[in-house]
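[1] below are the sequence and a predicted model for it; my questions follow.
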Amino acid sequence: MLAFQDRHPAPVDAGLFDDNESIRLLDSLQDSAVFHLDLTGRVISWNRGAERVFGLTSAGFRAREYTMLLRASDASNRSPGHPLRTALARGRYRIADWRTRTDGTCFWAEIMISPLVDHSQHATGFLAVVKDTTGHRRRVDRMRAALDILQAVMGDHRLEQALQVVVRQARSLLNADGAHVALPAPGTGKLVIAVAAGWNARLLRGANWPARHSVIARVMESGRPTIVDETTQGERSCQLSAGTLHFGPMAAVPVARRRWKIGTLVVYNRTGGPAFRRQDMELLRCFAGHAALAMQHGRSRDERCRSVAKERERLARILQGDPVRSLWSVMRGLSEASDCCQDLDTREQLAGCIATIEGALDELRNPAVGFRPHILSQHRLDEALRLLAHDLELRAGLKTVVEMQAGAAERLSARAGDVIQIVREALSNVSRHARAQHCRLRLRLDRDKTRLEIEDDGVGFDPRLVGGQREGLRNLRERVANMGGRLRIETAPGAGTILRVAFPCDGSVRFPATSRVIRGR
């Protein structure tokens, strides 16, 4: 507790320049707001630092209570006297949170309330000290944000997840209503919002900014950051599928890596919200640099995966070519030698050699070693799926339509071999059992999942009668389960069949291995 000797007690309406020792002592604390409270919490006096921290004039503090130091939520959750009782019982009461000045700006305040006692150890009042530590708080927040972004970028996360961390942290540290990253869509002449956080984030994902006549496109092309206020017309709206969305004040910086123009990072407030300041741009540039690093790292990782896939295909061709034929020749020679050999010990040794070679051949043929189907050695996954559909059309005379969303096949490139086997098995079932006239293969993106759908207008079937009799359906369930996906079949007699598979994306949470068959359409 603080010992406080009040030689000249101050009246309730005492001002800043009351001639008493306590005021002169408190004015020596230039960087903190200090309040002298009576036992009921009424403000008796204060120092000049209080006026600087809160922005109030001396008349603004007069006849106020200490509850002005607390937020409405703090005062409502507990009784008004709780902080003072806690200070008396424990010797101090601490709280740290955001507070608001009279001009509407916020600052991070560390508040401590301590009791004042006389020589008899009787409480005579309280001393409340409020320190503005906004600078320290923001530095800590920046370090935490940089650490979170670094972990997302360098970890095994998808690019969308890393960019999502960037926009979330940018929105939080700039106290903005929302933030997003817009990237150019190849061949469309538009900027598409790839990730968004905050206000209307769900609506904004996938929305378009015009590549011309928009401030977002000019920022990316020129490389110059821009602040847009509400007086600028026609610059603050993007096109949604259901209409146009208008923004309030905005700040935009280019996302670039050397000469590579990647996109634009944007923070914004709603209409009527506060404008962004020039000092905000430095922090926003840092987040744009993080986004560019995430994009470069993602591109490098994709190139590395493609290189690994090509090397695996090359090894598959080598190992499944001459080495396999050579081993078969050796094994046949050993078998012939074993048949002609009369010595039992020698025949047992030859049989052991034959078994070893057979095991080696099985490993070379086993897809578990990571070799992909032959169709993927010369084609990308999207091209291979179109070839499978075309092959079904030629073999069965079944008109097959392929609908593939951009980027969906690329998400599954790491498991392309499994996807090909699933599609091949499903199309084989359609050809053999469906007696259909039309078939549709659809591959699309859905947030953290990639969805595959194969639909036919055939005779369908009753799942209760089929059960586990069809080998093709059993194989499908096993393959989907091994990928951590979900299989769902919607069918009924005479109503056709829809096969739906949801694949978890790389780095995302894997689904439980489940499958469902739904009767009726």
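    Arrived safely, thanks for sending. Given the structure is predicted, the values throughout are model-derived calculations rather than measurements.
[2] any regions of the stretch 101-250 of the chain where pLDDT drops low?
    Along the stretch 101-250 of the chain, segments meeting pLDDT under 70 span 156-157, 187-188, 210-213, 230-245.
[3] kindly report the same for the stretch 401-521 of the chain.
    Scanning the stretch 401-521 of the chain for pLDDT under 70 picks out 466-472, 505-521.
[4] give me that answer again for 50
    For the stretch 401-521 of the chain, applying pLDDT under 50 flags the ranges 507-519, 521.
[5] and if you look at the stretch 251-400 of the chain?
    Residues of the stretch 251-400 of the chain meeting the criterion pLDDT under 50: 367-370.
[6] run the last query once more with 70
    Along the stretch 251-400 of the chain, the model assigns pLDDT under 70 to residues 316-322, 359, 361-374, 377.
[7] sketch out the strands for it, chain order is fine.
    Taking DSSP state E, counting those that start in this stretch as the test, the strands found in the stretch 251-400 of the chain are 260-268, 399-404.
[8] just those strands: most buried one?
    Comparing the strands of the stretch 251-400 of the chain by mean neighbour count (mean count of other CB atoms under 10 Å), strand 260-268 comes out on top with a mean of 24. Using the backbone N, CA and C atoms, a C-beta is placed for each residue, glycine as well.
[9] quickly run through the sheet partners of that strand, with directions.
    With DSSP bridges as the test, strand 260-268 is paired with strand 178-185 (antiparallel), strand 250-257 (antiparallel).
[10] those into CSV, with extra columns for mean neighbour count and distance to M331?
    Formatted as CSV, the strands paired with strand 260-268 follow (neighbours: other CB atoms under 10 Å; distance: least, CB to CB, whole Å):
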stretch, mean neighbour count, distance to M331
strand 178-185, 23, 55
strand 250-257, 23, 55
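[11] those strands: which one's closest to A502?
    Among the strands paired with strand 260-268, strand 178-185 comes nearest to A502, with 24.8 Å by CB to CB.
[12] how about residues contacting the closest one?
    Here strand 178-185 makes contact (CB atoms under 8 Å, 6 or more residues apart in numbering) with 163, 166-168, 170-171, 190-201, 204, 208-209, 211, 216, 220, 255, 262-269, 291.
[13] a markdown table for the strands of the stretch 251-400 of the chain, including distance to K449?
    Converted to a markdown table, the strands of the stretch 251-400 of the chain look like this (distance: least, CB to CB, whole Å):
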| stretch | distance to K449 |
| --- | --- |
| strand 260-268 | 24 |
| strand 399-404 | 16 |
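[14] residue contacts, I193?
    H180, V181, A182, L204, R205, G206, A207, N208, W209, C238.
[15] also L445?
    L445 touches Q405, G407, A408, R411, R451, counting by CB under 8 Å, 6+ apart.
[16] again with A152
    Residues near A152 by CB under 8 Å, 6+ apart: Q161, A162, V165, V166, A294.
[17] so how many other residues sit close to the third one?
    Pointing back at V165 there. Counted with other CB atoms under 10 Å, the neighbours of V165 add up to 22.
[18] and it, how close does it get to V153?
    Using CB to CB, to the nearest Å, we find V165 at a distance of 8 Å from V153.
[19] likewise for the second one?
    Counting by CB to CB, the separation of A162 from V153 is 5 Å.
[20] shared neighbours, the two?
    By CB under 8 Å, 6+ apart, the residues touching both A162 and V153 are A294, H297.
[21] report the secondary structure state of P115.
    strand (DSSP: H, G, I helix; E, B strand; the rest coil).
[22] also the one 10 residues further on?
    Assigned state for G125: strand (three-state reduction, three-state DSSP).
[23] residues in contact with it?
    For G125, the contact set (CB under 8 Å, 6+ apart) comprises F4, H36, L37, D38, L39, I44, P115, L116.
[24] could you list the domains of the chain?
    According to automatic domain parsing, the chain comprises the domains 2-132, 137-302, 321-369, 378-519.
[25] could you dump those domains into a markdown table and include distance to R312?
    Below are the domains of the chain laid out as a markdown table (distance: least, CB to CB, whole Å):
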| stretch | distance to R312 |
| --- | --- |
| domain 2-132 | 53 |
| domain 137-302 | 16 |
| domain 321-369 | 9 |
| domain 378-519 | 10 |
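[26] of the ones you listed, which is nearest E311?
    Between the domains of the chain, domain 321-369 lies closest to E311; by CB to CB that is 13.3 Å.
[27] rewinding a little: what's the closest of the strands paired with strand 260-268 to N429?
    strand 178-185 (35.7 Å).
[28] in its sheet, what does the helix or strand following the closest one sit against?
    For strand 178-185, the following helix or strand on the C-terminal side (DSSP states H and E) is strand 190-198. Strand pairing for strand 190-198, using DSSP bridges, gives strand 178-185 (antiparallel), strand 208-210 (antiparallel).
[29] in this protein, which residue is closest to the centre?
    Of all residues in the chain, the one closest to the mean position by CA atoms, centre = their mean is Q161, 3.2 Å from it.
[30] nearest residue to that one in space, please, no chain neighbours.
    A152 (6.1 Å; CB to CB, 6 or more residues apart in numbering).
[31] Three-state assignment for that neighbour, please.
    helix.
[32] distance of the closest residue to V266 other than its chain neighbours relative to H246?
    Excluding the flanking residues, the one nearest V266 by CB to CB, 6+ apart is A252, at 4.7 Å. Distance, A252 to H246, by CB to CB: 16 Å.
[33] do the same with R92
    With distances taken as CB to CB, R92 is found 49 Å from H246.
[34] so for these two, which residue has more residues nearby?
    For the pair R92 and H246, the greater number of neighbours falls to R92 (16 against 10), based on other CB under 10 Å.
[35] just checking, the more buried one touches L116?
    No: R92 is beyond contact range of L116, at 11.8 Å (criterion: CB atoms under 8 Å).
[36] surely R94 meets M112?
    Yes: counting by CB under 8 Å, R94 does reach M112; the two are 5.2 Å apart.
[37] helix or strand: which one has L441?
    Taking DSSP H and E as the definition, L441 sits inside strand 438-446.
[38] given that strand, what are its sheet partners and their directions?
    Strand 438-446 has these strand partners (DSSP bridges): strand 399-404 (parallel), strand 449-456 (antiparallel).
[39] nearest to E358, of the ones you listed?
    E358 lies closest, by CB to CB, to one member of the strands paired with strand 438-446: strand 449-456, at 36.1 Å.
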